[in-house]
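J.: I'd like to go over a predicted model; first the sequence, then the structure.
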Amino acid sequence: MKHVIALDVGGTGMKAALIAGDGTLLHEARRATGRERGADAVVETILDFAAELLDLGRDRFGTAASAAGVAVPGIVDAERGIAVYAANLGWRDVPMRELLSARLGGIPVALGHDVRTGGLAEGRIGAGQGADRFLFVPLGTGIAGAIGIAGRIEAGAHGYAGEIGHIVVRPGGPACGCGQYGCLETLASASAVSRAWAAASGDPEADAADCAKAVESGDA
């Protein structure tokens, strides 16, 4: 069965799938990103994960994946296939597309910015279908946005359009991995909510999901 590899790299975890030509989900998998081990280790984990998906597809469906699509956070040069910078992962100028293609036996690899890729999907098959303009803002380890205009995602003059997570909203606020203080994502991302809720609840293991449950239960 003809299929492709889809891999989404987050600051905390990686989500992957094998997808058939008609969009059918054939297989799903998750793995910790392991950013505490350093940027080089994270890159190796991504390559290993993709290679395992290639082998699984070959074994289960009788043929290797025909292509792979990989979405990563931070600043991405999709045209050259380079993961330029990610504050949450600590990497700079990683030739991700080239590394992945080599590990996957030379199959075509598309590299994209995680949020712009998500926005593109939302515009084509999700809530943005039929909308001439929309804004897609997922909250994860960090915060970014994707601007949908006339069926495409606007990258901006330098590829940074939608990077709202690093707008300083509280001058002198918490330190951010980008070097600034008081960035939006230091205050309103899932990881920021996790830190704030762990402190407020007195439970160091509590996270943003626990905070959401507390809100639903009426905890002011």
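T.: The structure has been received and is ready for your questions. Note that the structure is predicted; figures quoted are calculated from it, not measured.

J.: Which stretches in the protein count as strands?
T.: For the chain, applying DSSP state E gives strands covering 3-9, 13-20, 25-32, 68-72, 75-77, 82-86, 91-94, 109-113, 133-136, 146-149, 152-153.

J.: so how far is L120 from the closest residue to I5 other than its chain neighbours?
T.: Distance criterion CB to CB, 6 or more residues apart in numbering; nearest residue to I5, sequence neighbours excluded, is A68 at 4.0 Å. For the C-beta atoms, the positions are set from N, CA and C on the backbone; glycine is no exception. Relative to L120, A68 is positioned 16 Å away (criterion: CB to CB, to the nearest Å).

J.: do the same with A155
T.: 11 Å.

J.: Those two: who's more crowded?
T.: L120 (21 against 18; other CB atoms under 10 Å).

J.: what packs against the helix or strand of the chain with the lowest mean pLDDT?
T.: The helix or strand of the chain with the poorest confidence is strand 75-77; it has a mean of 87 (mean pLDDT, DSSP states H and E). Under the contact criterion of 3 or more CB pairs under 8 Å, 6 or more residues apart in numbering; DSSP states H and E, strand 75-77 touches strand 82-86, strand 109-113.

J.: Show me how far the last one is from its chain's centre.
T.: The chain centroid and the centroid of strand 109-113 are separated by 11 Å under CA atoms, centre = their mean, to the nearest Å.

J.: Next: stretch 126-137.
T.: The chain centre lies 18 Å from the centre of stretch 126-137; the measure is CA atoms, centre = their mean.

J.: With stretch 99-110 instead?
T.: 19 Å.

J.: And the helices in the protein?
T.: Per DSSP state H, the chain carries helices over the ranges 39-61, 96-103, 114-125, 185-188, 190-201, 208-216.

J.: will you turn those into a markdown table that also has mean pLDDT and distance to G23?
T.: Formatted as a markdown table, the helices of the chain follow (pLDDT from 0 to 100; distance: least, CB to CB, whole Å):
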| stretch | mean pLDDT | distance to G23 |
| --- | --- | --- |
| helix 39-61 | 95 | 15 |
| helix 96-103 | 96 | 22 |
| helix 114-125 | 90 | 7 |
| helix 185-188 | 94 | 31 |
| helix 190-201 | 94 | 28 |
| helix 208-216 | 95 | 28 |
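
J.: Quick check: which of these is nearest to G159?
T.: helix 114-125 (9.1 Å; CB to CB).

J.: quick one, the closest one and strand 109-113 angle?
T.: Angle, helix 114-125 to strand 109-113, by axes from the mean of the first three to the mean of the last three CA atoms, to 10 degrees: 100 degrees.

J.: Strand 68-72 and helix 114-125, what's the angle between them?
T.: Using the same axes, to 10 degrees: helix 114-125 against strand 68-72 is 130 degrees.

J.: for helix 114-125, which positions count as buried?
T.: Neighbour-count burial for helix 114-125 flags D114, V115, R116, T117, G118, G119, L120, A121, E122, G123 (criterion: 16 or more other CB atoms under 10 Å).

J.: what are the C-alpha coordinates of it, in CSV please?
T.: Extracted in CSV, the C-alpha atoms of helix 114-125 (Å, rounded to 0.1, in the frame of the first residue of the first chain):
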residue,chain,number,x,y,z
ASP,A,114,5.4,23.0,12.6
VAL,A,115,2.8,25.7,13.0
ARG,A,116,2.7,26.7,9.3
THR,A,117,2.4,23.1,8.4
GLY,A,118,-0.5,22.7,10.8
GLY,A,119,-2.1,25.8,9.5
LEU,A,120,-1.8,24.5,5.9
ALA,A,121,-3.5,21.3,6.9
GLU,A,122,-6.2,23.2,8.8
GLY,A,123,-6.9,25.3,5.8
ARG,A,124,-7.1,22.4,3.4
ILE,A,125,-9.0,19.8,5.4
